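Trainee: For reference, the sequence and a predicted model appear below.
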Amino acid sequence: MSDPRKKRKNPYVALILSGVLPGLGQLYNNQILKGLILVALNFVISLLVRGPLVGFIESGLDFSDKPALFILGGYTAAGLALLVFAMIDAKKTADRLNRENGVA
């Protein structure tokens, strides 16, 4: 039986999976710990952004509450940074694994 870690990894599948949920591309690449950490970070950011987002929506989208908008923007930026990092990392890792395993 062949080792599943030696199979060719499609870099675009890894990229798309991480685009759906940060960490899924890493799990696809058999980077279990990194994948679980990224999924957990995404979950935490999602929980943190929920409160300010709901408050902003319930206020009738009141843009005068600058501190709430700043917090909402910060969590949104953190989530986007995590998403972009996970996508780039997943694709680069799949490419690297393919080169290392000679299945490019």
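Mentor: Now that the structure is in, tell me what you want to look at.

Trainee: mean confidence for the helix ranked longest in the chain?
Mentor: The longest helix of the chain (DSSP state H) is helix 66-100. For helix 66-100, mean pLDDT rounds to 94.

Trainee: Which positions in it come out as buried?
Mentor: 68, 71-72, 75, 78-79, 82-83, 86-87, 89-91, 93-94, 97-98 (16 or more other C-beta atoms under 10 Å). Where C-beta positions appear, they are placed from N, C-alpha and C, glycine not excepted.

Trainee: so what secondary structure elements neighbour that helix?
Mentor: helix 11-20, helix 24-28, helix 32-58 (3 or more C-beta pairs under 8 Å, 6 or more residues apart in numbering; DSSP states H and E).

Trainee: Of these, which shows the lowest average pLDDT?
Mentor: Among the helices and strands packed on helix 66-100, helix 32-58 scores lowest, at a mean of 93.

Trainee: Could you tell me the angle between that helix and helix 66-100?
Mentor: Angle, helix 32-58 to helix 66-100, by axes from the mean of the first three to the mean of the last three C-alpha atoms, to 10 degrees: 160 degrees.

Trainee: counting contacts, what elements does helix 32-58 pack onto?
Mentor: helix 24-28, helix 66-100.

Trainee: Tabulate those helices in a markdown table, adding columns for distance to residue 15.
Mentor: As requested, the helices and strands packed on helix 32-58 are arranged in a markdown table below (distance: least, C-beta to C-beta, whole Å):
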| stretch | distance to residue 15 |
| --- | --- |
| helix 24-28 | 6 |
| helix 66-100 | 4 |
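
Trainee: ok, residue 63 - contacts?
Mentor: Contacts for residue 63 (C-beta atoms under 8 Å, 6 or more residues apart in numbering) come out as residue 69.

Trainee: So it: helix, strand or coil?
Mentor: coil (DSSP: H, G, I helix; E, B strand; the rest coil).

Trainee: Any chance you could spot the residue sitting in the middle of the chain?
Mentor: residue 22 (2.1 Å; C-alpha atoms, centre = their mean).
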